[in-house]
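Visitor: curious how this folds, go ahead:
(one chain, ligands or ions: 2)
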Amino acid sequence: MTIKIAIAGSSGRMGQMLIEAVLAQPDCQLFTALDRENSPAIGKDAAAFLGKSCGVNISADFASLAGADVLIDFTRPEGTLQHLAACQTHGVNMIIGTTGFEEAGKAAIEAAAHQIAIVHAYNMSAGVNLLVKLLEVAAKTLNTGYDIEILEMHHRMKVDAPSGTALMLGDAVASALGRSLDECAVYDRQGITGERDPSSIGFATLRGGDVIGDHTVIFAGMGERIEISHKASNRTIYAQGSVRAARFLNDKKTGLFNMQDVLGLSEVI
Ligand SMILES: NC(=O)C1=CN([C@@H]2O[C@H](COP(=O)(O)OP(=O)(O)OC[C@H]3O[C@@H](n4cnc5c(N)ncnc54)[C@H](OP(=O)(O)O)[C@@H]3O)[C@@H](O)[C@H]2O)C=CC1
Ligand SMILES: O=C(O)C1=N[C@H](C(=O)O)C[C@H](O)C1
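Guide: Ligands and ions are numbered 1, 2, ... in the order given. Modelled structure (predicted):
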């Protein structure tokens, strides 16, 4: 059975990776390709950037979602929330990779999952989702005497910080330790900060060049330091994860899922 896939943010860095990935899958059809109304991409063939034609022109018309199975959205929170409303109207499932949501946006996604099925994950790669599991083991093993710090680096074009992935990793570690990330996260240090609170989880954000996405979680003890890292070298990992998520959602009507569910990692350990 062919999965009819719509893509939002079609001319973006991830949008283009997704179009290429979907066109390469025999069980997937690029059903419609969306971009913003004022985007110079509107009206162009969605595969033009590959030097090809796929017969789907990029459009700003949400009505083109009617008949799609799933929309894959890597845009910006405000765009994703508009697409979420359109998907509810047209009964289209959603895969959301966008990061940087406020609490209200997260709540809107949760509410929409009573009507459509949604995979929402701040990182679609298999490697990062494996890291979540490794971190749960590390946090439970090194649960006293180790200071936890999370370092992330991304390209100069990234607009949100810390990355969604860094927050997801922090949340996994905090949960494994029975802490709430909201209560123990430290996002800034400057001036006379005083000694480190041992229950805190610190974040450091680096931005520069074309770095696709590096994340390191550090457990710093007295006499040893454990660093668990993931470094992305190609955005195909996120596109491939999204296609897996589309297959996973194909028999689902409602519900909110993450990549742990898609990859079958929820039950591991
Ligand atoms: N979950 C994951 O695995 C990953 C998540 N991401 C996240 O995906 C998002 C997109 O990243 P990336 O592709 O690098 O970003 P880009 O800026 O390259 O692409 C964003 C796309 O979305 C469009 N867009 C922006 N604002 C809106 C809006 N309000 N309504 C509709 N469309 C809009 C842009 O159009 P225009 O150019 O006209 O502004 C562009 O086509 C980010 O939040 C990023 O953090 C990225 C990689 C992996
Ligand atoms: O903006 C990006 O590029 C990325 N964003 C996601 C995030 O915020 O974690 C995932 C990946 O790190 C790339």
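Visitor: is any residue of stretch 212-232 near ligand 1?
Guide: No - Stretch 212-232 stays clear of ligand 1 (Cβ under 6 Å from any ligand atom), getting no nearer than 7.0 Å. (Glycine included, C-beta is placed from N, CA and C.)
Visitor: touching ligand 2 at all, that stretch?
Guide: Yes - in terms of Cβ under 6 Å from any ligand atom, part of stretch 212-232 sits within range of ligand 2, namely Gly213.
Visitor: buried sites along that stretch?
Guide: Gly213, Asp214, His215, Thr216, Val217, Ile218, Phe219, Ala220, Ile228, His230, Ala232 (16 or more other Cβ atoms under 10 Å).
Visitor: helix/strand/coil for the second one?
Guide: Asp214 carries the three-state label strand when classified by DSSP: H, G, I helix; E, B strand; the rest coil.
Visitor: hmm, it is touching His155, no?
Guide: No - the criterion here is Cβ atoms under 8 Å, and Asp214 misses it with His155 at 10.4 Å.
Visitor: give the buried residues for whichever strand or helix holds Asp261.
Guide: If you go by DSSP states H and E, Asp261 is part of helix 259-262. Buried residues in helix 259-262, counting neighbours by 16+ other Cβ under 10 Å, are found at Met259, Gln260, Asp261, Val262.
Visitor: quick check, pLDDT for the third one.
Guide: Each residue has a pLDDT score; the one for Asp261 is 97.
Visitor: what residues are up against the nearest residue to Ser180 once chain neighbours are set aside?
Guide: Using Cβ to Cβ, 6 or more residues apart in numbering and skipping residues adjacent in sequence, the residue nearest Ser180 is Ala174, 6.4 Å away. Counting by Cβ atoms under 8 Å, 6 or more residues apart in numbering, Ala174 makes contact with Ser180, Leu181, Cys184, Ala185, Ile201.
Visitor: may I ask which of the residues you listed has the most neighbours?
Guide: Ile201 (24 neighbours; other Cβ atoms under 10 Å).
Visitor: ranges for the strands of the stretch 101-250 of the chain?
Guide: 117-120, 147-154, 185-186, 201-207, 213-220, 225-232 (DSSP state E, counting those that start in this stretch).
Visitor: would you list these in JSON lines and tack on mean pLDDT?
Guide: Conversion of the strands of the stretch 101-250 of the chain to JSON lines gives the following (pLDDT from 0 to 100):
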{"stretch": "strand 117-120", "mean pLDDT": "98"}
{"stretch": "strand 147-154", "mean pLDDT": "98"}
{"stretch": "strand 185-186", "mean pLDDT": "98"}
{"stretch": "strand 201-207", "mean pLDDT": "98"}
{"stretch": "strand 213-220", "mean pLDDT": "98"}
{"stretch": "strand 225-232", "mean pLDDT": "98"}
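Visitor: CSV for those, including distance to Phe31?
Guide: Listed next are the strands of the stretch 101-250 of the chain as CSV, based on distance: least, Cβ to Cβ, whole Å:
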stretch, distance to Phe31
strand 117-120, 17
strand 147-154, 30
strand 185-186, 40
strand 201-207, 35
strand 213-220, 28
strand 225-232, 28
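Visitor: tell me what the helix holding Asp261 is packed against?
Guide: strand 117-120, helix 126-141, helix 236-249 (3 or more Cβ pairs under 8 Å, 6 or more residues apart in numbering; DSSP states H and E).
Visitor: all set now, cheers.
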